[in-house]
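In: quick one: sequence plus predicted model below, questions after.
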Amino acid sequence: MTEKIILASGSPFRRAMLANAGVDIEAVPADVDERALEAPLQGSGVSPEDVALVLAEAKAVDVSERNLGRLVLGCDQTLSLGDDVFHKPADMEGARRHLLALSGKTHQLNSAVVLVRDGNVLWRHVGIANLKMRDLDPAFIGRHLARVGKKALASVGAYQIEGEGIQLFDKVEGDYFTIVGLPLLAVLAELRSLGAIDG
């Protein structure tokens with residue numbers, strides 16, 4: 001017997017991915033201060049993958065404690081360039097700086113997922129993708145951002161690979177779902193293992 005899963009996120013992309021895969025999903029955004037949770041981790045040697053896991057778990061536990069008995073999926077994604085972790089740009093100038101910093105380099109997207117029931121963690125996973133951005137001319141970055149507009153502010157890398165952002169890249173290693181913020185194949189496998197979806 002399947003059950004309705006709670007997605008501890010307001011992301012329309014994650015919700016659509018799960019719904020399109022046939023998962024009965026309800027979105028209940030978490031009420032956590034991500035930057036406050038992350039602050040003590042900075043400079044502590046915690047990997048960007050673990051930062052994503054900490055945030056995903058905090059979101060899932062927050063929602064789980066308000067929805068006892070329900071299976072809750074928490075998600076978070078970090079973008080790392082070496083030891084530097086990027087966050088969503090606050091404005092278009094921030095987006096421009098992001099793209100300048102990523103230009104010509106390979107960065108890593110770390111998509112963490114955590115399943116929780118009654119505040120107890122049942123499963124954790126981080127999907128990783130490596131993306132090589134081509135060398136970008138600063139003038140091109142300006143034109144690109146003018147075309148995509150505020151959409152650039154909706155992701156940690158200031159691009160949407162499912163849209164015009166794909167033009168920024170030379171090479172992508174990793175699955176599409178992980179890149180857009182949810183390692184869907186791993187999540188579906190675990191939901192089947194738990195008997196939460198038909199398998």
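Out: Good, I have the coordinates. Numbers count the residues shown, from 1 in each chain.
In: now for this structure, the helix or strand with the poorest mean pLDDT.
Out: Least confident helix or strand, the chain: helix 34-38 with a mean of 84, by mean pLDDT, DSSP states H and E.
In: now it, how far from the chain's geometric center?
Out: 15 Å (CA atoms, centre = their mean, to the nearest Å).
In: you'd agree Lys59 is up against Gln77?
Out: No - using CB atoms under 8 Å, Lys59 makes no contact with Gln77, being 11.8 Å away. C-beta coordinates here come from the backbone N, C-alpha and C atoms, glycine included.
In: right, and the helix or strand after the least confident helix or strand of the chain?
Out: The helix or strand immediately downstream of helix 34-38 is helix 48-65, counting by DSSP states H and E.
In: kindly export that following helix (C-alpha atoms) in CSV.
Out: Presented in CSV, the C-alpha positions along helix 48-65 are these (Å, rounded to 0.1, in the frame of the first residue of the first chain):
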residue,chain,number,x,y,z
PRO,A,48,29.8,20.8,1.3
GLU,A,49,28.1,17.4,1.0
ASP,A,50,27.6,17.2,4.8
VAL,A,51,26.4,20.8,4.9
ALA,A,52,23.7,19.8,2.4
LEU,A,53,22.8,16.8,4.5
VAL,A,54,22.6,18.9,7.7
LEU,A,55,20.2,21.3,6.0
ALA,A,56,18.1,18.6,4.4
GLU,A,57,17.8,16.8,7.8
ALA,A,58,16.8,19.9,9.7
LYS,A,59,14.0,20.6,7.2
ALA,A,60,12.7,17.1,7.3
VAL,A,61,12.8,16.9,11.1
ASP,A,62,11.1,20.3,11.4
VAL,A,63,8.2,19.2,9.2
SER,A,64,8.1,15.7,10.7
GLU,A,65,7.6,16.9,14.2
